[in-house]
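K.L.:
just coords:
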């Protein structure tokens, strides 16, 4: 039972263009959402997060959008850079149900120069 | 300001041996989490600990796996009598407080366990 899904295993984008990574969830108890970036042989690095009381959070080139009614969130990276090439994981937590993060399966982003 | 430190980075064990994975949280963090990542999959929660207490072990296999976070020293994830299916990357994360509105989990580089 995958509560967090990233349906695109990979995405290829040209340098300078926008990258849009998508994530869907099923558990309506999730109230906090995070995006992590992961390079091979390294641990996930926190990128950006959003609380369920918001629908948008922006940090530099990264913006996360949350659509609670659709149980969908997306990460926009603009402009995309070759150094952004990595695997991106979305994760969710339910504040009143413990501290565990539930991760999606990841999307591999390749930004071509 | 060191991040989350995990050691060893790579661990090779034969079937039936014990594996011990260590994690030192970030300075000022008292909450530790262990996750496991199988090849081509996302991370799966295993256990959440605070100092000297296991808070949530709902993701831990019922047998052979145990975790501790003693008053002094690192958190330890222990796998007894390892089998080939235990081969995975094990990540530790720490946070200053409960994850919820504002507290983020920061991850170590992981320990890659290979069982021969």
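P.N.:
Structure's in. What do you need? This structure is a prediction, so every number in the text was calculated from the model and none was measured. Numbering: from 1, shown residues only, chains lettered A, B, ... in the order given.

K.L.:
partners of residue B:24 in the sheet?
P.N.:
Beta-bridge pairing of residue B:24 under DSSP bridges involves residue B:5.

K.L.:
What does the pLDDT read for it?
P.N.:
pLDDT for residue B:24: 97.

K.L.:
List the contacts of residue 54.
P.N.:
Using chain A here. By C-beta atoms under 8 Å, 6 or more residues apart in numbering or on different chains, residue A:54 lies in contact with residue A:66. All C-beta atoms are positioned from the backbone trio N, CA, C, and that covers glycine.

K.L.:
Wait, chain B was what I had in mind.
P.N.:
The contact partners of residue B:54, by C-beta under 8 Å, 6+ apart, come to B:47-48, B:67-69.

K.L.:
Near chain B, which residues of chain A? Just list them.
P.N.:
Within chain A, the positions near chain B by C-beta under 8 Å from any C-beta of the partner chain are A:4, A:6, A:31-32, A:34, A:36, A:41-46, A:49, A:51, A:89, A:91, A:93, A:95, A:98-106.

K.L.:
sorry, back to before: and the contacts of residue B:54, which is closest to chain A?
P.N.:
Nearest to chain A, judged by C-beta to the nearest C-beta, of these is residue B:48 at 5.1 Å.

K.L.:
Please name the nearest non-neighbouring residue to that closest one.
P.N.:
Once flanking residues are discounted, residue B:48 sits nearest to residue B:56: 4.3 Å by C-beta to C-beta, 6 or more residues apart in numbering or on different chains.

K.L.:
And that neighbour, how far from residue B:9?
P.N.:
26 Å (C-beta to C-beta, to the nearest Å).

K.L.:
Quick check on those two: which one has the bigger neighbour count.
P.N.:
residue B:56 (16 against 11; other C-beta atoms under 10 Å in any protein chain shown).

K.L.:
Now do the same for the more buried one: its pLDDT.
P.N.:
Confidence score, pLDDT, at residue B:56: 91.

K.L.:
Appreciated, that's everything.
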